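[1] Fold the following and give me the result.
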Amino acid sequence: MFLIACLPVSVLAQSSQAGQTQPSPASDEHHVVDSVKLVTGAVLALAIHEGGHLVFDAAFDARPRMTGVRFGPFPFFAVTHRADLSPRREFAISSAGFWMQDLSSEWLLTKRPSLREAHAPFAKGVLAFNILNSAGYAGVALARAGPFERDTRGMADSIGVDERAIAAVVLAPAVLDAIRYFKPEARWAKWASRAAKVGSVLLVIRKNR
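    Next comes the predicted model:
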């Protein structure tokens, strides 16, 4: 599973620093602590994403292993598994990272619907990673680029659809969750987001062509 782990996570944290025009040494220290918490939240979100893959790898005895991959000039790593799995198991393993992202984002936005207004850099780091990572994967899927091990290719091939359709499946919850973050009063976005997340899980019952 190809990781897009180098996307910025500061976009969703800007509101926590609004209104500070002349930072003092104490406020500088405060910003440093907040930045550390933001990055720590993003790292946790990455671990949750990969943990989802590994849980299903273990459940299906997929014998996961680490391998190095490249995306253009950039080195990354991937967690791969044996290639003789059934289409449904392949889809579940490839999708598990996004399912865990969706679950953690839903928990955050349900528990703290006004997250944008809160001083919560750690939580914002988790949500930012989830949204931006999904957006990055969607872009790669639309271009059908990147290493063979990428999650979106595994999802598309296992259920017999074009990878560009998987881009929409991955991107829709991220866009809707971003709307919920900036406009928590938008009830339609909350329910559309939940429907999109459930729909992505239900794709596991689609038969491979």
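[2] The residue nearest to the spatial centre of the chain: which element?
    With distances taken as C-alpha atoms, centre = their mean, residue 130 lies nearest the centre of the chain, 3.4 Å away. Taking DSSP states H and E as the definition, one finds residue 130 inside helix 121-143.
[3] Now do that helix: which elements does it pack against?
    Helix 121-143 is packed against helix 25-59, helix 87-111, helix 151-159, helix 163-182, with contacts defined by 3 or more C-beta pairs under 8 Å, 6 or more residues apart in numbering; DSSP states H and E. To be clear about C-beta, it is placed using only N, CA and C from the backbone, and glycine gets the same treatment.
[4] what's the spacing between the third one and its chain's center?
    In this view, helix 151-159 has its centroid 16 Å away from the chain centroid, taken as C-alpha atoms, centre = their mean, to the nearest Å.
[5] Same question for the longest one.
    Helix 25-59 has its average C-alpha position 12 Å from the chain's average C-alpha position, going by C-alpha atoms, centre = their mean.
[6] Which positions within that helix qualify as buried?
    Within helix 25-59, the residues scored as buried using 16 or more other C-beta atoms under 10 Å are 34-35, 37-39, 41-42, 44-46, 48-50, 52-54, 56-57.
[7] Equivalent analysis for stretch 136-149, please.
    136, 137, 138, 139, 140, 141, 146, 147, 149.
[8] Could you save those residues as a markdown table and add columns showing distance to residue 102?
    Output for the buried residues of stretch 136-149, formatted as a markdown table (distance: C-beta to C-beta, whole Å):
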| residue | distance to residue 102 |
| --- | --- |
| 136 | 15 |
| 137 | 13 |
| 138 | 14 |
| 139 | 18 |
| 140 | 18 |
| 141 | 16 |
| 146 | 21 |
| 147 | 23 |
| 149 | 21 |
